[in-house]
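S.K.: what follows is a predicted structure for the sequence shown.
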Amino acid sequence: MDEEVALLSSAPGHRAARAAAVAQRIAVVTGARWVGIYSVADGLVRNEAWHGPAAPAHPTFSVDDGLTSHAIRTSSVVVSNDVAADPRYLTNQGDSGSELIVPVVADGRVVGTLDVESDQVGAFDGERILLFQQLAGPLAALWRAGS
């Protein structure tokens, strides 16, 4: 795990600013095309911060949409290693490559997600998935009381 992600997640300040710093750090450390951090509440998924070539195409969407819906329902990582062939993919930064969604769990419920996109088809294998799971662990601090 990258200790800087944990420090940025739990630092004082507003969630959006901390999330932006975390998204940037994760993108730099991993070389991901795009990294987004989302909140999950009231039936909606809302982008808190992102780092990449452009803003999210869907800054807010229903918890029932896209790959994210499965990650939220099952509290488990969801991978699409070929988004062009996956009807669940909500087009964001491109219509090819790979996407990974890691749920962020706090107090037994999914409070957010780490969304990562790669230009490459087949980008997320066992080691890469584990890396992003480890990076997502400290993100729960973004949703703790007073955040």
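M.R.: The structure has been received and is ready for your questions.
S.K.: stretch 98-116: end-to-end distance?
M.R.: End-to-end span of stretch 98-116 (C-alpha to C-alpha, to the nearest Å): 8 Å.
S.K.: top helix in the protein by residue count?
M.R.: In the chain, taking DSSP state H as the definition, the longest helix is helix 15-30.
S.K.: and that one, what does it pack onto?
M.R.: Judged by 3 or more C-beta pairs under 8 Å, 6 or more residues apart in numbering; DSSP states H and E, the packing partners of helix 15-30 are helix 3-10, strand 34-41, strand 44-51, strand 109-118, helix 126-136. C-betas here are computed from N, CA, C, even on glycine.
S.K.: average pLDDT across that helix?
M.R.: What helix 15-30 shows for mean pLDDT is 96.
S.K.: contacts for it, please.
M.R.: Residues outside helix 15-30 that contact it (C-beta atoms under 8 Å, 6 or more residues apart in numbering) are 2, 4-5, 8-9, 11, 32, 34-37, 48-52, 114, 116, 131-132, 135, 139, 142-143, 147.
S.K.: and that helix, which residues are buried?
M.R.: With burial defined by 16 or more other C-beta atoms under 10 Å, the residues of helix 15-30 counted as buried are 15, 18-27, 30.
S.K.: distance-wise, check residue 68 relative to residue 14.
M.R.: Separation of residue 68 from residue 14 (C-beta to C-beta, to the nearest Å) stands at 23 Å.
S.K.: hang on, the earlier thing: need the helices and strands packed on helix 15-30 in JSON lines with distance to residue 81, can you?
M.R.: Listed next are these as JSON lines, based on distance: least, C-beta to C-beta, whole Å:
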{"stretch": "helix 3-10", "distance to residue 81": "24"}
{"stretch": "strand 34-41", "distance to residue 81": "16"}
{"stretch": "strand 44-51", "distance to residue 81": "21"}
{"stretch": "strand 109-118", "distance to residue 81": "9"}
{"stretch": "helix 126-136", "distance to residue 81": "10"}
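S.K.: right, I'll leave it there.
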